[in-house]
Every structure is written in C-alpha cells, then in structure tokens.
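[1] how does the following fold in three dimensions:
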Amino acid sequence: SRILVTGGTRGIGRAVVEALARREGVVVYLGCRDLAAGEAVAAGAPNVEPVVLDVTDAASIKTAVETVRAAGGLDAVVNNAGVMDEENVERTLSVNLDGVAAVTAAFAPLLGAGGRVINVSSGAGLRAAAALAPADREALEADTVADIRAAAARLAYTADIAVYGLSKAAVNAYTKLAARTYPALRVNACSPGFCR
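    Numbering: from 1, shown residues only. This next block holds a predicted model:
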C-alpha cells in the first residue's frame, strides 16, 4: 500500500506515519512543508518518503501529486494537516477545510476504485455542530465546498463557537460531500480524541 499523510512531521500525523511505517509492504509519503523536518522523521525508515506539501498552496499540491504519481501511485490519503488558531479565522479555515478539500480533489485521480480518504477531524467538530441552530447546521451541510466554506466563515464571525470546532464541523460536512462526489472511494473522517 502507498499512503500519503499530510502534516506528518509532528503530533497525530507523525504518530500515523510511524505506525504505518512499521507495517510490512507499506510506503508512506510524508507530506510536509519543511523538507528537513520530513527527512528527520523519515531517517531510519526506508519506506517513508518525505514530499514537500503545503495544503494551502495549489502549486505545492500539484508538485506533490506529480511526485507521488511518478513514484508509483497511491492507495490512501490521510488528511491530517491542521491548525488551531482562534485568532485567525481565515488561516484556520484555509488549512483545516480548504486544505483537506484541495488535497482530496488533487489526489483523488491517483486513487483507484476502493482507494481511501481519511480526514482527521475532532470531537470539537461534533460539539460545534450540535451547538448550532438547525438552520445553521443545515447551511453547513451544503452541496459544494464553497458553500460549506461560506457557512463556516459566517458562523465563525456570528456564532459564539470556537473557530477550530467550526472548522472541524466543516470537515465533517465536507467528508459527507466527498463521499458523494467520489463514489468509487471510501471517504471517512475520524476524531482521535484527546492525545499527546
């Protein structure tokens, strides 16, 4: 199996990379903004390949797609890259929602039927969605990424709910949309819970 993990140099992403690297027959593409940090994680793990990938940069995503395609394709994407920046709504939504959608769209053509997309979400997303008024929750469950984004941005400025939680509620809504958009793929979100 060939698996791309975004945000793979620290935290949950690094733990996922290290766990996958211990499996026989798995090649892990470690998506990282800083190649040196990626190489440090990959040191001593011959089946981990650092790939420069900034999920907020279309050119970076395109180059990463070409790198992975040339190396032999892909079986799964773990959209893990994320930030918790309550002071910056735009940055939080750009990384946590737009980055997930952009990476999924760019790498989906490399995933064959049965390929997997796993979006790392959070219980904070479930709690944020539960705290919304029904009309706002429905607005978030939109049929386009742009509409999900617009609803999340509006709510970030008007609802008294943490931006991080709203961004992860938006990821959960996007996960449902992606499952409809890419019926040949298995698209899911997971919420790891509190961890180191």
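
[2] what packs against the lengthiest strand in the chain?
    Longest strand in the chain, counting residues (DSSP state E): strand 111-120. Secondary-structure packing of strand 111-120 (3 or more Cβ pairs under 8 Å, 6 or more residues apart in numbering; DSSP states H and E): strand 74-79, helix 99-107, helix 163-181, strand 186-190. For the C-beta atoms, the positions are set from N, CA and C on the backbone; glycine is no exception.

[3] 7 Å - rerun?
    Packing partners of strand 111-120 (3 or more Cβ pairs under 7 Å, 6 or more residues apart in numbering; DSSP states H and E): strand 74-79, helix 163-181, strand 186-190.

[4] which other residues reach the shortest one?
    Meaning strand 186-190. Around strand 186-190, the neighbours that count as contacts under Cβ atoms under 7 Å, 6 or more residues apart in numbering are 114, 116, 117, 118, 119, 120, 121, 171, 172, 175, 178, 179.

[5] tell me the angle of the longest strand of the chain relative to helix 163-181?
    Put simply, strand 111-120 runs at 160 degrees to helix 163-181, going by axes from the mean of the first three to the mean of the last three Cα atoms, to 10 degrees.

[6] what angle separates the very next helix or strand once past strand 111-120 from helix 163-181?
    Next in sequence after strand 111-120, counting helices and strands by DSSP states H and E, comes helix 123-131. Following the same axes, to 10 degrees, one obtains 90 degrees for the angle between helix 123-131 and helix 163-181.

[7] what angle do helix 123-131 and strand 186-190 make?
    Using the same axes, to 10 degrees, the inter-axis angle of helix 123-131 relative to strand 186-190 is 90 degrees.

[8] now helix 123-131 - C-alpha only, CSV.
    C-alpha atoms of helix 123-131 as CSV (Å, rounded to 0.1, in the frame of the first residue of the first chain):
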residue,chain,number,x,y,z
GLY,A,123,-14.9,15.8,18.7
ALA,A,124,-14.8,19.6,18.8
GLY,A,125,-16.5,19.5,15.3
LEU,A,126,-19.3,17.3,16.6
ARG,A,127,-19.8,19.5,19.6
ALA,A,128,-19.7,22.7,17.4
ALA,A,129,-22.3,21.3,15.0
ALA,A,130,-24.6,20.2,18.0
ALA,A,131,-24.4,23.8,19.3
